[in-house]
Every structure is written in structure tokens, then in C-alpha cells.
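> quick one, fold the following:
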Amino acid sequence: MSVYSDFLREYLVVALFGLLAFATVGAFVGLASLIRPDRPTPAKLENYESGVDPVGDGWSQSQIRYYIFALLFVMFDVEAVFIFPWAVGLDQFGWFGLIEMVIFIFILALGLAYAWRKDVLRWV
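Numbers count the residues shown, from 1 in each chain. Next up, the predicted model:
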């Protein structure tokens, strides 16, 4: 009789392949650091910005609305992660799943309406 169930054995195989992948990447990175030439010069250590010489310091102030816009994008992108499995298994969830998803989409629509009303979605 086996100590591990088939379910745990499948996870063990995935874990072993994951460890093998990390070990392979680590071995290649370590080997590359040993055989590559390492001759730093001031020109090599200078910041490179798309072919343009850097001017001034690296700090610049940006408006908070861009961060809010990105946060809203992530929020509505995560919404798709929740809607896809629901759409695939809709027949299993029945009316309860449909009502729950309508409530979920309604709450997200309220958030979108609030952001629209506060002019967060205006890019300029």
C-alpha cells in the first residue's frame, strides 16, 4: 500500500519539475557569471535611456490620476478572471450563480460609474 495518494503524487511530480527548472536556471546563471568577462568602465555603468543621454536627476513628479487609472485597469482586468470560470461552469451554478454574477457586475458598474463621475477616466 502506498503512503501517498495519487492526488499528492501528482503534486509531487509538479514540485519536482519546478525544483528541476529552478536548479537548471540557477546552474546556467551561475555558469554564465563565472565565464563572462567582467570589465566595468564608467561608460558601461552610466544609465542608458533608449539612446538618449540622461539629463538631470531621475526623479520626476507625476500625477496621481495615472496610478488610479492603472489601478482601475487592474481591477477590471481581474474581473475577467472571475467571469471566465463562471461562464464556463454556468450550467452547474444555475440561477444562484447567475444572480451572484449579476450582483458582482452591478457592484463593478457602480465603481466604474463613480470613477467616471470623478473624471478619473479622463487621461489628459
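
> burial count for residue 121?
Using other Cβ atoms under 10 Å, residue 121 has 13 other residues around it. (Glycine included, C-beta is placed from N, CA and C.)

> correction: the previous question concerned residue 13.
Counted with other Cβ under 10 Å, residues neighbouring residue 13 total 10.

> that one: which element?
Using DSSP states H and E, residue 13 sits in helix 6-35.

> what's downstream of that helix, the next helix or strand?
Moving toward the C-terminus from helix 6-35, the next element (DSSP H and E) is helix 42-45.

> C-terminal to that next one, what's the next element?
Per DSSP H and E, the first helix or strand lying C-terminal to helix 42-45 is helix 64-88.

> so the helix or strand following that next one versus helix 64-88, what angle?
Using DSSP H and E, the helix or strand that directly follows helix 64-88 along the chain is helix 90-117. If you take axes from the mean of the first three to the mean of the last three Cα atoms, to 10 degrees, helix 90-117 sits at 160 degrees to helix 64-88.

> one step back: quick one: average pLDDT of the helix holding residue 13?
Average pLDDT, helix 6-35: 92.

> gap between it and the chain center?
The chain centroid and the centroid of helix 6-35 are separated by 22 Å under Cα atoms, centre = their mean, to the nearest Å.
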